[in-house]
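J.: Pasted the sequence and its predicted model underneath.
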Number of protein chains: 2
Amino acid sequence: MTTRRRRGEYAQTLARRQEILNAGLAVFSSSGFHGASLRDVAARAGLSQAGLLHHYPSKEHLLKAVFTWRDDEARRQLGEPVPDLPTATRTREAATLTRELVQLHVIVSAEGSVADHPIHGYVLERHASVLEMVRRAFERAAVAGELRRDVDCASAARTLMALMDGLQLQWLLHPDAVDIAGDLRRCLQPWLTVDL
Amino acid sequence: MTTRRRRGEYAQTLARRQEILNAGLAVFSSSGFHGASLRDVAARAGLSQAGLLHHYPSKEHLLKAVFTWRDDEARRQLGEPVPDLPTATRTREAATLTRELVQLHVIVSAEGSVADHPIHGYVLERHASVLEMVRRAFERAAVAGELRRDVDCASAARTLMALMDGLQLQWLLHPDAVDIAGDLRRCLQPWLTVDL
DNA sequence: GTCTATATACTGATAGAC
DNA sequence: GTCTATCAGTATATAGAC
């Protein structure tokens, strides 16, 4: 659909929007949606607030753009389709936590849990989809005989996801007093028939 | 120190402040600190914004007042001093979750994880103190022989707390698709030598 | 203790020149 | 595509009458 564009112009616009997204990430991740100001984002991206609104017509549009950009990026990084449990765990352990990204996730998820928040639907949807992905990973582990028979996949998925969310918050508060990978392993291990 | 006050006046002021705290809880819990407005709080408490500021001289003071009020209440309800692990778990299970309270905790904890947030220090402090309380509960369980020898109390405490935080967020998003008590039990059980 | 009125600042969004 | 200028709305906080 967007084929046959004059190369130079398009690339420049894309680059500009990327700058804006980066700036938006920085601001939203430290102030949430309500606390953020478009002028602040614009200043960081090196253009005026009106200039910003040319690319993203409202604050809500911008937040959604930042969010979907990061989600797609994360999905791309984790790899599609759904990886198996040990691989996913190892990938998670290897990934360096970026304060900005973790804060965006934690703050916007919390804000978005309220029904009338502009991004509520999106947060809901994403949560369900990630949960489903994790559940499928557990089910595949079960089929592969890596999971103890008495473990319920849905419950395990909920637990694992809750744990990750909680640990990320802890890491934000006390980056050095936390052992995410270790705590995850120790919580998961009793459910498995194989070593993590 | 605050003895010998004329009863009537004092009680009336206290009641007024309590109304304001209730209103503040309602507003802060659905909009966080940044999204909340003092006019909104004042309106719900049935007085003007200037009237509100007479009792709590700034937005920050009000948030702190709401927060400490709720914390004290929670501590009082859970019982001091630190209860043992099975008792605490059972109390937790019995406590009905109030959307307002859970949201206040989740949203303000998330917002407060940022260093320059007005309540950052408070969130940090409270997190550490709760974590310490849970750790002590595990250590007492260990002494009582209720804990498996290979379980590290600090790690278990972090994990349990992270799990609680994460499950509360999940409950906000999908109140019916969650089994907090069950998930908690299934996660804790492998560490214990007794049945929960 | 509560009010009205107000100071001051910042918000998101729009209009229109270039 | 970017800007300046501006609008209308809202924010917290203060001043001072009652």
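T.: Perfect, thanks for sending it.
J.: wait, isn't A:Gln77 in contact with A:Thr96?
T.: No. The criterion here is Cβ atoms under 8 Å, and A:Gln77 misses it with A:Thr96 at 11.3 Å. From N, CA and C alone the C-beta is placed, and that goes for glycine too.
J.: So between these two, which is more surrounded?
T.: Using other Cβ atoms under 10 Å in any protein chain shown as the criterion, A:Gln77 and A:Thr96 rank with A:Gln77 on top: 9 against 5.
J.: so who does the residue of chain A found nearest DNA strand C touch?
T.: Nearest to DNA strand C in chain A, going by Cβ to the nearest atom of the strand, is A:Ser37, at a distance of 3.0 Å. Taking Cβ atoms under 8 Å, 6 or more residues apart in numbering or on different chains, we find A:Ser37 in contact with A:27, A:31.
J.: so how far is A:Gly79 from it?
T.: Taking Cβ to Cβ, to the nearest Å as the measure, A:Ser37 falls 36 Å from A:Gly79.
J.: and what of A:Met133?
T.: Counting by Cβ to Cβ, the gap from A:Met133 to A:Gly79 is 11 Å.
J.: more crowded one of these two?
T.: Comparing A:Met133 with A:Gly79 by neighbour count (other Cβ under 10 Å), the higher total belongs to A:Met133, at 18 against 11.
J.: Would you check that A:Ile119 makes contact with A:Gly112?
T.: Yes. At 4.6 Å, A:Ile119 counts as touching A:Gly112 under the criterion of Cβ under 8 Å.
J.: neighbour count winner among the two?
T.: More crowded of A:Ile119 and A:Gly112, by other Cβ under 10 Å: A:Gly112, with 25 against 18.
J.: Look up the pLDDT of the more buried one for me, please.
T.: A:Gly112 is assigned 97 on the pLDDT scale.
J.: who touches it in this structure?
T.: Per Cβ under 8 Å, 6+ apart, neighbours of A:Gly112: A:119-120, A:122-124.
J.: One more pass at 6 Å, please.
T.: Going by Cβ atoms under 6 Å, 6 or more residues apart in numbering or on different chains, A:Gly112 touches A:119-120, A:123.
J.: send the alpha carbons of the least confident helix or strand in chain A by mean pLDDT over as PDB?
T.: Within chain A, no helix or strand scores below helix A:85-94, which has a mean of 82 by mean pLDDT, DSSP states H and E. Provided in PDB are the C-alpha atoms of helix A:85-94 (Å, rounded to 0.1, in the frame of the first residue of the first chain):
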ATOM      1  CA  LEU A  85       9.700 -22.600  28.300                       C
ATOM      2  CA  PRO A  86      13.400 -23.100  28.900                       C
ATOM      3  CA  THR A  87      14.400 -21.000  25.900                       C
ATOM      4  CA  ALA A  88      12.100 -18.200  26.900                       C
ATOM      5  CA  THR A  89      13.400 -18.300  30.500                       C
ATOM      6  CA  ARG A  90      17.000 -18.100  29.200                       C
ATOM      7  CA  THR A  91      16.200 -15.300  26.900                       C
ATOM      8  CA  ARG A  92      14.500 -13.400  29.700                       C
ATOM      9  CA  GLU A  93      17.600 -13.900  31.900                       C
ATOM     10  CA  ALA A  94      19.900 -12.700  29.200                       C
END
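J.: which parts of it are buried?
T.: Using 16 or more other Cβ atoms under 10 Å in any protein chain shown as the test for burial, helix A:85-94 gives A:85-86, A:88-89.
J.: That helix: what's the following helix or strand?
T.: Going down the chain from helix A:85-94, the next helix or strand is helix A:99-111, by DSSP states H and E.
J.: What residues of that next one count as buried?
T.: A:101-111.
J.: Up against chain B, what does chain A have?
T.: Counting by Cβ under 6 Å from any Cβ of the partner chain, chain A comes close to chain B at A:30, A:34-35, A:106-107, A:110, A:113-114, A:124, A:127, A:155, A:158-159, A:162-163, A:165-167, A:169-170, A:172-173, A:183, A:187, A:190.
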